[in-house]
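[1] Got a sequence here, can you build the structure:
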Amino acid sequence: MVVTAHFLDSDWKLHKRIINFCSITSHKGKDIRRVLEQCLREWDINRVFTITVDNANANDQAVKFKSITFREFSVLEHLNKNANVPLDVITRWNSTYLMLAAALKYEKVFDRMGDEDVQFRNYFEEKDTKGRKRTCPPVEADWRNAQVLVHFLKKFYETTLKLSAWKSVTANLQFKEMIGLQTEIDKKANDDSDEVLQRVAMGMKAKFNKYWGSFETMNQIMLIANVLDPRWKLQYQKVAFLRVGVRARTIEKITRDLKNILLRMYDEYRGYEGV
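    Sure thing, here's the model as predicted:
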């Protein structure tokens, strides 16, 4: 489907631009409508005069939508008229954090839409792509769970920002940040007071172990980069491993092996003196 926009500029000149070109997997009116809504949101178009479509029955349903309903309710709640909530990417925890953090700011808007917007409520009566019925609009318990999850995921988001910096050295930060993440995950995974967060933490722990394995067998280059940071040296390794439950005997072995690597590196670089 091609979406073409016609608009007047500040000099009252008519323009015509293609703003979307996408495949439609279903010819149902509601599916076409969602594609149009998504297109308008991406272009931040919140004032539409007319919509012209082909002469097909499905298009009658496709054009029966409000592209700015969320923003209209935001204005009614005296919030930002340019309100927007980013979509989640199921493979990235950071996107989940950003989505929930933004949604929490507009809790009153979602509550009001649940009470007054028929289209919003009807969405939850439909079935997803796998034929499963959607859950109801968010209730009080959902918002409280979101608050706790945002607090938990904030650490991961901040770590990502630190390690993805490109104007500063980050090699010395990796070990410290990974220890911090594992400590946070373990704390929540062992906390029986919040069943929802505990379940999330257990899933994240499985993912974390899959990619990082045990800190006892990690690539020692990460440890060396941390030791060469004069703020930490060798002492931080011992404290960090104790925090994640590594046995004292294992810590002694890791520290001993690390010292040997550093001495070999020193001897190797000393051979380049005067070159």
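
[2] Give me the residue at the spatial middle of the chain.
    For the chain, the residue nearest the mean C-alpha position is Ser95 (1.5 Å; CA atoms, centre = their mean).

[3] buried stuff in the host helix or strand of that residue?
    Following DSSP states H and E, one finds Ser95 within helix 93-105. For helix 93-105, burial by neighbour count (16 or more other CB atoms under 10 Å) applies to 93, 96-101, 103. Every C-beta, even on glycine, is put in place using the N, C-alpha and C of the backbone.

[4] Then stretch 15-33?
    Quick answer for stretch 15-33 (16+ other CB under 10 Å): 20, 29-30, 32-33.

[5] again, but for stretch 236-244
    So, applying 16+ other CB under 10 Å, buried residues of stretch 236-244: 236-237, 240-241.

[6] Check stretch 187-199 too.
    Buried residues in stretch 187-199, defined by neighbour count with 16+ other CB under 10 Å: 188-189, 194, 197.

[7] circling back to that earlier point, sort the buried residues of stretch 15-33 by pLDDT and name the bottom one.
    The member of the buried residues of stretch 15-33 with the lowest pLDDT is Lys30, at 72.

[8] name the helices or strands packed onto the helix or strand where that one lies?
    With elements taken from DSSP H and E, the one containing Lys30 is helix 29-42. Helices and strands touching helix 29-42, by 3 or more CB pairs under 8 Å, 6 or more residues apart in numbering; DSSP states H and E, are strand 14-21, helix 57-62.

[9] hey, least reliable of these by pLDDT?
    Sorting the helices and strands packed on helix 29-42 by mean pLDDT places helix 57-62 lowest, at a mean of 67.

[10] following it, which helix or strand shows up next?
    Next element after helix 57-62 (DSSP H and E): helix 69-76.

[11] so what does that following helix touch, helix or strand wise?
    Helix 69-76 packs on helix 107-116, going by 3+ CB pairs under 8 Å, 6+ apart.

[12] Report the distance from the helix holding Lys30 to the chain centre.
    23 Å (CA atoms, centre = their mean, to the nearest Å).

[13] Check stretch 10-22 too.
    Using CA atoms, centre = their mean, the offset of stretch 10-22 from its chain centre is 33 Å.

[14] Stretch 164-184 too?
    18 Å.

[15] Just the residues contacting it, thanks.
    152, 155-156, 159, 162-163, 208, 212, 215, 222-223, 225-226, 228-229, 232, 236, 240, 243-244 (CB atoms under 8 Å, 6 or more residues apart in numbering).

[16] Now list the buried members of the residues you listed.
    Here, 16+ other CB under 10 Å leaves 152, 155-156, 159, 208, 215, 222-223, 225-226, 232, 236, 240 buried among the contacts of stretch 164-184.

[17] Now do the strands in this protein.
    2-8, 14-21 (DSSP state E).

[18] re the thing from before, wait, which of the buried residues of stretch 187-199 is closest to Asn122?
    Of all the buried residues of stretch 187-199, Leu197 has the smallest distance to Asn122: 31.3 Å, by CB to CB.

[19] got a pLDDT number for that closest one?
    83.

[20] same check, this time on Ser164
    86.

[21] And it, how far from Leu173?
    11 Å (CB to CB, to the nearest Å).

[22] just Thr160 next, same as before
    From Thr160 to Leu173 the distance is 12 Å (CB to CB).

[23] More neighbours: the two, which one.
    Taking neighbours as other CB atoms under 10 Å, Thr160 and Leu173 compare with Leu173 leading, 17 against 14.

[24] Val196: what's its closest spatial neighbour, skipping adjacent residues?
    Asn145 (5.2 Å; CB to CB, 6 or more residues apart in numbering).
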